[in-house]
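Chemist: have a look at this prediction, sequence included:
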Amino acid sequence: QQQQQQQTGDSDSGGVRKKPGQRPRAATTGSSDTASAAAAASVSASASASAHSSAFSMSPRLRHNPTLTASRVSPALHEWLELLRSINEEHNTSIFHLDLDCPSCALFCPCDVPRSDNFAWRLANGVPFELRRQLWIKCSGAPAMYRATRLRYDEIVRCAFHALRGSEVEKQIRKDLMRTFPNNIFFNECDSEGIMRLRRILLSYAWMHPNVGYCQGMGMMVAILLLSMEEQEAFWTFSAVVHNNMPPDYYNASMIGLMADQRVLKDLIRMNMPRLADVMDEFQIELSLITVNWFLTAFASVAPARTLVRIWDCFMYEGSVFLFKVTLAMLTLRCSLLQSLEDSGLIFQTLSTTPAAMTDPDLLMKLSFSFMHIETLVEDLRRKHRADLAVEFAQLQQRRQTRKQQAEEEANPSPVAESHRRTVLTRLLQWKPRSKENLLAKPKNVEVSEKLLALSEAVMVIVVHFQKIAFQNEHVLRSPGRSSVVSVEEAGSDTACPELGRLVTTKLTRALREVLFHGFTAPSKFSKHVWDYIEAVTINTLDSSMPEVIPSAGTRSETILHAQVELISVVSSINRKDQHESLGKEMQFEVLVRRALNVGSLHLWFEYLAHTSELPRFAKWYAPTSFIRSPVWMQIKFELEKLRGLRFKLSLDAEYIQRVASQPAPERAE
């Protein structure tokens, strides 16, 4: 029967044998010479596509029917199939489709991909070409988004073309279509199939998500997906990537998410590669001008094809946090070269060409996994910078509104406005230059921001210290019989980690003291240190007015009351110790901070001091504009609360603290 079918297939296709798994073609009535010429033309067109494609070499039409016999399955593919089969058996469902001879649409799978570190590591080692389409679709969460939408893709396309005809979104998409991979054979002509598919997907997404719309850079990502899967699959995968893998406000008009990530990247470089950060500061290199395109397109427009697909293997599974890991890995590989350059133009050019120089994806992926410790840190930094950007945007909007009102008043001046203008002109004529001392002094708002930033950086450095030690103990491979230098239990001990003690003394304590000293107005000339205020608060705790400190009833009030009792006890013990050893106010404050870190109550003690400063008898210690009496104290408490879950075992010996503080900081290797 197979021989008869093959003979029938040969006669129907004009003498050309049909491959197993290939779609049936319409019967031809031409001669065998015509069929041979058509087959030769098809082979020639395929070869031309392979020669001219800059990113991928196969047509989307010919990609999805791989015929794999047992002899053609590579060892890597066989290993992956066994892994996916074990995952299906473990969850007792068909999460992955394993019959490669009969590929099915991965969108119809009702189950999501389970999360595990082992699977992420396997993705970093490389995915076989035959499985990449299915893994990208399922790891991105496209099946869940497909199931949650009632409209079919063809209905979405019809609605989008009808609603957006002649709109600004359609005009912008038309302008950008030919800029997407112009050297690729599937996107180099206006009427090519790739351009038509790209236009349909971008218009459909802009119509379906009007709050996001269209943004330059989306076309690059959609084009990469079209070169790997069918049109409907590319649409749902792209939608899932934007809404699941990327933070909010990444592609809309404000782009707050994208701008926050650029600030997060700058902080991560400062913490992990301080020398490179110093070089960029010295030559005034604005890194965001370069990296914003990397993050906007997920390296689709800058990385080589072999490296890009490896990056996306992990990006689809881990999300946007992997973009930070791979960026830090790229900069680490180019760090020595960047530090050796002495010209800002060369540094800028080298940074711009960094992704294109990543020709070894195996080394890049291995180095990216050495930055596993930044995952929780990225989320904290994102929240901080998004809040800062929201305030800046509100201020910018207010300034724009003010300028608009001023322009309207200038166009229609009133008698009051004219009088005000004359007053301002008189002040300008009576202006005198400031003295040299006033010119060198920093503006007050800059000084205030530096104090808060110093405290935030001190907290981040300490958190990174604990995360690095935890990562080394969990992920770094060690030889048999060799133990780790520092265990997780000893990470919070300054005797085992002198660097931690130096960070607490030279960074955290000093930054916290400057924050408490802001707006400090001592009631007498003998009270010149914040320790005097802490003593005054604890000495008067037995007064009947002190219960007013508690902000509200319930569990929160019990927590503050417990922190009050702890603070009173610690201050009393420090004062008794001072009678024998004469510690001094600075050392007393240092010991207090260390005791607070050991018991995990630093944020609660600060909150108690902030509430106490509002009482009438203690209001004279701080000005109303100080940190501790303004709403800023809640932001400071949020920063200190990041240290709550860390296990500190800091020494309280004054001589040891002084000895650690006097030691120079060790040079950090890149």
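Modeler: Perfect, I can see it now. Numbers count the residues shown, from 1 in each chain.
Chemist: all helices of the stretch 551-670 of the chain, in order?
Modeler: Applying DSSP state H, counting those that start in this stretch to the stretch 551-670 of the chain gives helices spanning 555-581, 585-599, 602-612, 632-641, 654-662.
Chemist: what about the first one, average pLDDT?
Modeler: Average pLDDT, helix 555-581: 72.
Chemist: quick one: closest of the helices of the stretch 551-670 of the chain to residue 93.
Modeler: Judged by CB to CB, the one of the helices of the stretch 551-670 of the chain that comes nearest to residue 93 is helix 632-641, at 40.9 Å. Any C-beta I mention is one placed from the backbone N, CA and C, and that applies to glycine too.
Chemist: quick check: angle from the closest one to helix 602-612?
Modeler: Inter-element angle recorded for helix 632-641 and helix 602-612: 160 degrees (by axes from the mean of the first three to the mean of the last three CA atoms, to 10 degrees).
Chemist: show me what contacts residue 371?
Modeler: Going by CB atoms under 8 Å, 6 or more residues apart in numbering, residue 371 touches 272, 324, 325, 328, 329.
Chemist: ranking those by neighbours, who comes first?
Modeler: Greatest neighbour count in the contacts of residue 371, by other CB atoms under 10 Å, goes to residue 325: 26 neighbours.
Chemist: which other residues reach the helix or strand where that residue lies?
Modeler: Following DSSP states H and E, one finds residue 325 within helix 321-333. The contact list for helix 321-333, computed with CB under 8 Å, 6+ apart, reads 261, 264-265, 268-269, 272-273, 276, 291, 294-295, 298-299, 311, 314-315, 338, 354-355, 358, 363-364, 367-372, 374-375, 378, 670.
Chemist: pLDDT averaged over the helix or strand just after that helix - what is it?
Modeler: Note on helix 321-333: by DSSP H and E, the next helix or strand toward the C-terminus is helix 335-340. Mean pLDDT, helix 335-340: 93.
Chemist: tell me the helix or strand right after helix 335-340.
Modeler: Downstream of helix 335-340, the next assigned helix or strand under DSSP H and E is helix 344-352.
Chemist: averaged pLDDT, stretch 221-234. What do you get?
Modeler: Average pLDDT, stretch 221-234: 94.
Chemist: and stretch 632-647, by the same measure?
Modeler: The average pLDDT for stretch 632-647 rounds to 84.
Chemist: ok, now stretch 91-100?
Modeler: The average pLDDT for stretch 91-100 rounds to 69.
Chemist: likewise for stretch 490-507?
Modeler: Rounded mean pLDDT across stretch 490-507 is 84.
Chemist: list the contacts of it.
Modeler: In contact with stretch 490-507 (CB under 8 Å, 6+ apart) are residues 454, 457-458, 461-462, 465-466, 469-470, 486, 590, 593-594, 597, 646-651, 656-657, 660-661, 663, 665-666.
Chemist: give me the buried subset of the residues you listed.
Modeler: Among the contacts of stretch 490-507, the ones that count as buried by 16 or more other CB atoms under 10 Å are 454, 457-458, 461-462, 465-466, 469, 486, 590, 593-594, 597, 646, 648-651, 657, 660-661.
Chemist: any chance of a markdown table for the helices of the stretch 551-670 of the chain, columns distance to residue 153?
Modeler: Below are those laid out as a markdown table (distance: least, CB to CB, whole Å):
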| stretch | distance to residue 153 |
| --- | --- |
| helix 555-581 | 51 |
| helix 585-599 | 56 |
| helix 602-612 | 50 |
| helix 632-641 | 44 |
| helix 654-662 | 64 |
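Chemist: looking at the ones you listed, which is buried most?
Modeler: Ranked by mean neighbour count, these are led by helix 602-612 with a mean of 22 (mean count of other CB atoms under 10 Å).
Chemist: just the CA trace of that one, in CSV.
Modeler: The C-alpha trace of helix 602-612 is given here as CSV (Å, rounded to 0.1, in the frame of the first residue of the first chain):
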residue,chain,number,x,y,z
LEU,A,602,15.9,49.1,63.5
HIS,A,603,12.9,50.2,61.4
LEU,A,604,10.5,49.9,64.4
TRP,A,605,12.8,52.0,66.7
PHE,A,606,13.0,54.7,64.0
GLU,A,607,9.2,54.7,63.7
TYR,A,608,8.9,55.1,67.5
LEU,A,609,11.3,58.1,67.4
ALA,A,610,9.4,59.6,64.5
HIS,A,611,6.0,59.4,66.5
THR,A,612,7.7,60.7,69.6
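Chemist: so how far is that helix off the chain centroid?
Modeler: Helix 602-612 has its C-alpha centroid displaced from the chain centroid by 31 Å (CA atoms, centre = their mean, to the nearest Å).
Chemist: now do it: which elements does it pack against?
Modeler: Where contact means 3 or more CB pairs under 8 Å, 6 or more residues apart in numbering; DSSP states H and E, helix 602-612 is packed against helix 530-539, helix 555-581, helix 585-599, helix 632-641.
Chemist: hang on, residue 169 packs against residue 214?
Modeler: Yes. Taking contacts as CB atoms under 8 Å, residue 169 lies within contact range of residue 214: 5.1 Å.
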